[in-house]
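S.K.: Need a 3D model of the sequence below.
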Amino acid sequence: MTKSELIAELASANPHLLSRDVELIVSTIFDEITAALARGTRVELRGFGAFTVKRRDARTGRNPRTGEAVPVNEKAVPFFKAGKELRERVDRGGKSIHAPSRAERVLA
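M.R.: Numbers count the residues shown, from 1 in each chain. Have a look, this model is predicted:
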């Protein structure tokens with residue numbers, strides 16, 4: 001699913017919200033997660049998972065075309081670890097493992 005598909009799906013599931021408002025909400029959430037990771041802060045979304053930053057040490061790599069040794073600098077990479085509820089829902093094929101909340105019942 002792309003960001004635009006996510007926005008379209010959320011907008012259709014919430015007809016009381018304007019599409020541009022849904023786009024602003026989604027963009028704001030992604031921007032805040034990105035900013036927190038850039039600061040080195042862990043972002044945890046209960047039931048979904050946690051985003052962290054891992055450091056990769058500098059190393060010597062190989063150019064796959066020539067086989068020549070090339071230095072690879074140290075870098076920070078984003079890392080995501082799925083939460084228990086997300087893993088269980090994916091394993092069950094998307095079926096919810098909990099009773100729907102009041103908000104979920106109202107929107108259904």
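S.K.: Low-confidence ranges, this protein, go.
M.R.: 94-108 (pLDDT under 70).
S.K.: so where do the strands sit in it?
M.R.: Ranges of strands in the chain, per DSSP state E, are 43-45, 49-56, 59-62, 69-72, 75-82.
S.K.: can you map out the helices along this structure?
M.R.: Remark: helices assigned in the chain by DSSP state H are 3-13, 19-38, 84-91, 102-107.
S.K.: circling back: can I get the strands of the chain in JSON lines including distance to residue 34 and mean neighbour count?
M.R.: The C-beta positions use only the backbone N, C-alpha and C, and glycine is treated the same way. Output for these, formatted as JSON lines (distance: least, CB to CB, whole Å; neighbours: other CB atoms under 10 Å):
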{"stretch": "strand 43-45", "distance to residue 34": "9", "mean neighbour count": "14"}
{"stretch": "strand 49-56", "distance to residue 34": "9", "mean neighbour count": "14"}
{"stretch": "strand 59-62", "distance to residue 34": "26", "mean neighbour count": "10"}
{"stretch": "strand 69-72", "distance to residue 34": "24", "mean neighbour count": "10"}
{"stretch": "strand 75-82", "distance to residue 34": "9", "mean neighbour count": "11"}
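S.K.: Turn those strands into TSV, including distance to residue 89.
M.R.: What follows is the strands of the chain, written out as TSV (distance: least, CB to CB, whole Å):
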stretch	distance to residue 89
strand 43-45	14
strand 49-56	12
strand 59-62	37
strand 69-72	37
strand 75-82	10
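S.K.: out of these, nearest to residue 36?
M.R.: Shortest distance between residue 36 and those, using CB to CB, is found for strand 43-45: 5.0 Å.
S.K.: Can you name every helix or strand that the closest one contacts?
M.R.: Here strand 43-45 touches helix 19-38, strand 49-56, going by 3 or more CB pairs under 8 Å, 6 or more residues apart in numbering; DSSP states H and E.
S.K.: Rebuild the ones you listed as a markdown table, extending it with distance to residue 76.
M.R.: Converted to a markdown table, the helices and strands packed on strand 43-45 look like this (distance: least, CB to CB, whole Å):
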| stretch | distance to residue 76 |
| --- | --- |
| helix 19-38 | 9 |
| strand 49-56 | 5 |
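S.K.: Having no further points to raise, I will conclude here.
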